[in-house]
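Asker: My questions concern the predicted model and sequence given below.
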Protein chains: 2
Amino acid sequence: MENTTYQKWLAQLRKGYLELCVLTVLKQKESSYGFEILQTLEQAGLPINEGTLYPLLNRMFKNGWLTSHWVTPSEGGHPRRHYQLSDDGAELLPSMLDTFQNNQQALDKLRDLK
Amino acid sequence: MENTTYQKWLAQLRKGYLELCVLTVLKQKESSYGFEILQTLEQAGLPINEGTLYPLLNRMFKNGWLTSHWVTPSEGGHPRRHYQLSDDGAELLPSMLDTFQNNQQALDKLRDLK
DNA sequence: ACAGAATACTATGCAATGCAAAGTATTATT
DNA sequence: AATAATACTTTGCATTGCATAGTATTCTGT
């Protein structure tokens, strides 16, 4: 109740940041799919909504940051849409990490004011 | 040109983060006003738009995170709208810092995958 | 004295995204 | 047969960074 505006703020803080996280996961795993990424993020302490991740992957794909192909598991089960970093995505990731860390440093500076 | 989607991403990454920065500035300075905050952020490596900051201050005020009063400088000049942290804002700031640092840690975990 | 820059705040409208919610399918478990 | 788990899609809402334009005062250079 009293925390409503804080909850809203949490959602805002994830904007942009989630893209960085997903690119990082795909760099580490080389190839992964929605459901697995969802679990990986949760294990790293970032539980996010299905309705957040799937559209996100789609947007990143449309941006040309990812490539994608369908995989039907040989052991059976629901087909999975796998994603990998594209060349553009791989090139972007270091800049994004840089920006994120610069933000961290800017905040540290502000905390040291006066 | 090729960077358009990256520029958009930069704007997204600032959502939520800017609020944390402004709260931090106001904690350090105890009281400040729009134009000064603008310059403080720029000096910390965060140049932001007027049209971003003033509405942001207004929203934070409406959320009850800040208090505000007008000050006419004794040395003359344009009247300034000063802001300070409210009790709610002061209480919120540590939680926000915590969340931000947890995000940093989550990203570090992801970079260590496998 | 006048023009422009710097200071300082307000208001409007757009684009982008996290999330809730509901839906579709398949496979595994009980 | 029913439920849960796996796996992806789609719609609509609320929020926010930014571009842009507008208002007003003071200071600087010529």
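Answerer: Great, that's in hand.

Asker: Okay, now the unreliable bits of chain A?
Answerer: When residues are selected by pLDDT under 70, those of chain A lie in A:1-3.

Asker: quick one: the strands in it?
Answerer: The residue ranges that make up the strands of chain A, judged by DSSP state E, are A:32-33, A:66-71, A:80-85.

Asker: Give me the contacts around the second one.
Answerer: If I follow you right, that is strand A:66-71. A:26, A:33, A:57, A:60-61, A:79-86, A:89 (Cβ atoms under 8 Å, 6 or more residues apart in numbering or on different chains). In this view, the C-beta of every residue, glycine as well, is placed from N, C-alpha and C.

Asker: quick one on the thing from earlier: could the strands of chain A be laid out in CSV, adding distance to residue B:51 and mean neighbour count?
Answerer: Below are those laid out as CSV (distance: least, Cβ to Cβ, whole Å; neighbours: other Cβ atoms under 10 Å in any protein chain shown):
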stretch, distance to residue B:51, mean neighbour count
strand A:32-33, 39, 18
strand A:66-71, 33, 14
strand A:80-85, 35, 19
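
Asker: do you know which of these lies nearest DNA strand C?
Answerer: If you check each of the strands of chain A against DNA strand C by Cβ to the nearest atom of the strand, strand A:80-85 wins as the nearest, at 11.4 Å.

Asker: Report the strands that pair with that closest one, each with its relative direction.
Answerer: When pairing is defined by DSSP bridges, strand A:80-85 lines up against strand A:32-33 (antiparallel), strand A:66-71 (antiparallel).

Asker: Off-centre distance for the longest one?
Answerer: Here the centre of mass of C-alpha atoms in strand A:66-71, compared against the chain's by Cα atoms, centre = their mean, to the nearest Å, lies 16 Å away.

Asker: and the strands of chain A as TSV, adding distance to residue B:13?
Answerer: As requested, the strands of chain A are arranged in TSV below (distance: least, Cβ to Cβ, whole Å):
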stretch	distance to residue B:13
strand A:32-33	23
strand A:66-71	19
strand A:80-85	19
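
Asker: any chance of those strands in JSON lines, with distance to DNA strand D too?
Answerer: Supplementary listing: the strands of chain A in JSON lines, determined by distance: least, Cβ to the nearest atom of the strand, whole Å:
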{"stretch": "strand A:32-33", "distance to DNA strand D": "4"}
{"stretch": "strand A:66-71", "distance to DNA strand D": "8"}
{"stretch": "strand A:80-85", "distance to DNA strand D": "4"}
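
Asker: Among the ones you listed, which comes closest to residue B:9?
Answerer: Residue B:9 lies closest to strand A:66-71 among the strands of chain A, at 14.0 Å (Cβ to Cβ).
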